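J.: next comes the sequence, and after it the predicted model I'd like to discuss.
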Amino acid sequence: MMTQKIKILLVLLTLVLAACTGEAVEPITIDLSGSQWQLVDMNGTQPVPDRVPTLHFVDESNLAGWTGCNDYEGGYELVGTAFTPGIIFSNLMACVQEDVMAQQRSYLQILGDATRLTLANDTLTIQGDAGTLVFEPVPEQEVGLAGTEWQLASINGSSPIEGTDATLRFEEDGIMGGSTGCNQYGGSYRASGDNLTVTEMAWTEMACLEPEGIMEQESEFTRILSSAHGFDLTGSVLEIYADGGYLVFKPLHTDIEEEPMVDLPYVRWQLATINGENPLPDTRVTLIFENDTTLSGSGGCNGYGGTYAIDGEGFTTGDIVRTLMACAEPEGIMEQEDAVLAILQSANRFSYTDDEPELYIYGEAGELMFTPLHTPEPASLQGTEWTLESFIEGDAVSSTLAGTTLTLLLDDDGTYSGSAGCNTYGGTYTLQGEALTFGPPRMSRMMCAEDIMRQERSYLQLLESVAMFSLEGDQLILSTPSGEGLDFRQ
C-alpha cells in the first residue's frame, strides 16, 4: 500500500505545481493494477455476512470480482479521479438468500453507473448517481488453501469414527471436494483473509451401514462444511468454523497412486440423441469436460456448469447450475433443456464406444448420447458476413422473424453494411480493443410488412447503442450498456 500512498502524493504535488504556475497539467492517474479490495459499506449499509463482494483491478483497463453470489468482470478507464466502467458482465446463478440477491443488484448498479474513484488511507471509494461503495484492501494470506489436501482429525472436538476417512481437497480453480467416509462430495469455495464460504455443495447418496454412526457423522460433517464462515491455517493444522460446530484437519498423506480418470479422446461433445430421439432442429446442446472435476456446456438456450466424478463406469454430477434466460423458439426448447439437465443431474453411469466415437450418459431420468463436437475455425470480426440469430433483452432471447435475414459486414476500412430484413444499410464504425461503436446508418427506402419494419427499427436502434463485442468461434455478440444485445452467427 506504500506505493499507492506515494502515487496519491504525486497527484497532490501535481495539483500544487499547477496552482503555482497557472499552467494546465495532465492529471496523474492512480495505478490500481493488481490490487484487490473487499466491500465494507454500500450506501451506509454493511455487506451481508459471509457474502462480502470483492473488486480486483486485474490491470490498467480490466476489473473483476464477486458480488457475494456471482462472479463478474468488465473494463474500466481511470483518469485522475474520473472513473468510467465499461459493460459489467456477470454469470446468472440465482442464490437462495434474497438479501444476497438484493445486494448483488444494488452493487452492480452502483459499480456500473460510477463516475468517481478516490483512494485515501487504504480506503477506496467509488461513487455515482446510484450510490457509494467503500472498500478496504483484501487481507493478505501467507498460506493459501488452493492445491492442498486434508484428512479429518476431529469433528466438534471428538475423533472421527474409527475406520472412516473423511477428506477435503481444495483445487486451484475454486472447486473443492472429497469423501465423507461414505459418499463423495463436491462444491465451490471462496477464501479471503480468514473468511471461507462453500457453495453449490452436493454429494452422492449411498447409504453406509458400517461402521455404526457413519451416516450421522457424515450429516454433521457436511452441515459444518456447507455453512462454514471462517478458517485458521496454522502450520500443518487446518480448522474450519461454522455456527454450532468446527472441523479440524491434518494433511493428507497417501502412498496409494490414484486410479487415473478414464481418458476420453475428446473433451467437447454435442448431443446426438435424448432417450433415443433426435434433439429439436436448429438447437445445439453441448457437454464440455473442463478438467478432471468440472463440466460445462449449453443446454440449447442457457449455459450450465457443475462438478462430476468418474469411478470405473460410474458417472455422477454435483449440483448443475444454469443461467436464467427464457428462449421462446424453437417451440419446446425449454422442455428439452430441462430434460437434458435432469438426466445429467441424475446420472449414475456412462459408456464409450471407440469405432464411431459415442459417449452415453445414463441416469434415472433417461439417456443421453453425444458425439464429438468439432469447433469451427474462429471467424474474423472484419471481413465476415454475420447473420443475426436472436435479440437479447436482459435474460430473454427472441429469434428473428421467420422469413427475414438480417446481416452485418464490417470492412477493414472502418465502414459497415448489411441488410436489416427489409432495407439495406451502411455507415462507419469505431473499433478499439473489445469496444465497438456504430455511427448512424444510411438506408434504402423500401417499405415492407409492419412487423418486419418494427423488427428493422429495433435492430438499427440496438446497433447504434452497441458499446462492446465478444467473438467466440462462429458466434458474435454485440452488447449495449443497458444489457441488451444482438447474437450473430457466421
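T.: Yep, it's here. Residues are numbered from 1 along each chain as shown.

J.: and stretch 405-421, what's buried?
T.: Using 16 or more other Cβ atoms under 10 Å as the test for burial, stretch 405-421 gives 406-408, 410, 416-421. Heads up, the C-betas are built off the backbone N, CA and C, glycines and all.

J.: end to end on it, go ahead and measure it.
T.: Across stretch 405-421, the terminal residues are separated by 5 Å (Cα to Cα, to the nearest Å).

J.: centre of the chain to that stretch, how far?
T.: Distance of stretch 405-421 from the chain centroid (Cα atoms, centre = their mean, to the nearest Å) equals 31 Å.

J.: turn the buried residues of stretch 405-421 into a markdown table, columns for secondary structure and pLDDT.
T.: Formatted as a markdown table, those follow (DSSP: H, G, I helix; E, B strand; the rest coil; pLDDT from 0 to 100):
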| residue | secondary structure | pLDDT |
| --- | --- | --- |
| 406 | strand | 93 |
| 407 | strand | 94 |
| 408 | strand | 94 |
| 410 | strand | 93 |
| 416 | strand | 93 |
| 417 | strand | 93 |
| 418 | strand | 93 |
| 419 | strand | 93 |
| 420 | strand | 93 |
| 421 | coil | 90 |
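
J.: of all the residues you listed, which two lie farthest apart?
T.: 410 and 421 (18.4 Å; Cβ to Cβ).

J.: now do the helices in the stretch 251-400 of the chain.
T.: Counting by DSSP state H, counting those that start in this stretch, the stretch 251-400 of the chain has helices at residues 333-345.

J.: which residues in it form strands?
T.: Taking DSSP state E, counting those that start in this stretch, the strands of the stretch 251-400 of the chain run over residues 268-274, 286-289, 294-298, 303-311, 314-317, 321-322, 326-327, 347-353, 358-363, 366-372, 385-393, 396-399.

J.: direction included, what does the fourth one pair against?
T.: It refers to strand 303-311. Using DSSP bridges, strand 303-311 pairs in its sheet with strand 294-298 (antiparallel), strand 314-317 (antiparallel), strand 321-322 (antiparallel).

J.: the longest one: how far from the chain's middle?
T.: Here the centre of strand 294-298 is set off from its chain's centre by 12 Å, with Cα atoms, centre = their mean.

J.: what comes into contact with it?
T.: Outside strand 294-298, the residues that touch it by Cβ atoms under 8 Å, 6 or more residues apart in numbering are 173, 175, 284-290, 303-308, 317.

J.: which of the residues in that strand are buried?
T.: 294-295, 297-298.

J.: next, the buried residues of the helix or strand harbouring residue 111.
T.: Element membership for residue 111, per DSSP states H and E: helix 98-112. Within helix 98-112, the residues scored as buried using 16+ other Cβ under 10 Å are 100-101, 103-104, 106-108, 110-112.

J.: and which of these is nearest residue 226?
T.: Nearest to residue 226 among the buried residues of helix 98-112 is residue 100, at 15.3 Å by Cβ to Cβ.

J.: so the closest one touches residue 68, yeah?
T.: Yes - with contact defined as Cβ atoms under 8 Å, residue 100 counts as touching residue 68 (5.3 Å).

J.: need the residues touching each of the two.
T.: Common contacts of residue 100 and residue 68, defined by Cβ under 8 Å, 6+ apart, comprise 48, 51.

J.: show me where the stretch 101-250 of the chain has its strands.
T.: Using DSSP E, counting those that start in this stretch, strands in the stretch 101-250 of the chain cover 114-120, 123-128, 131-137, 149-155, 167-170, 175-179, 184-192, 195-203, 228-234, 237-242, 245-251.

J.: mind putting these in a markdown table, distance to residue 368, mean pLDDT and mean neighbour count included?
T.: Shown next, in a markdown table, are those (distance: least, Cβ to Cβ, whole Å; pLDDT from 0 to 100; neighbours: other Cβ atoms under 10 Å):
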| stretch | distance to residue 368 | mean pLDDT | mean neighbour count |
| --- | --- | --- | --- |
| strand 114-120 | 45 | 93 | 16 |
| strand 123-128 | 45 | 94 | 18 |
| strand 131-137 | 44 | 94 | 18 |
| strand 149-155 | 32 | 88 | 18 |
| strand 167-170 | 28 | 90 | 20 |
| strand 175-179 | 23 | 86 | 22 |
| strand 184-192 | 21 | 82 | 21 |
| strand 195-203 | 19 | 80 | 20 |
| strand 228-234 | 34 | 79 | 16 |
| strand 237-242 | 36 | 84 | 18 |
| strand 245-251 | 37 | 87 | 18 |
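
J.: before we move on, what SS does residue 452 have?
T.: Under DSSP: H, G, I helix; E, B strand; the rest coil, residue 452 falls in the helix class.

J.: swap in the one 5 residues further on?
T.: Local secondary structure at residue 457 is given as helix here, using three-state DSSP.
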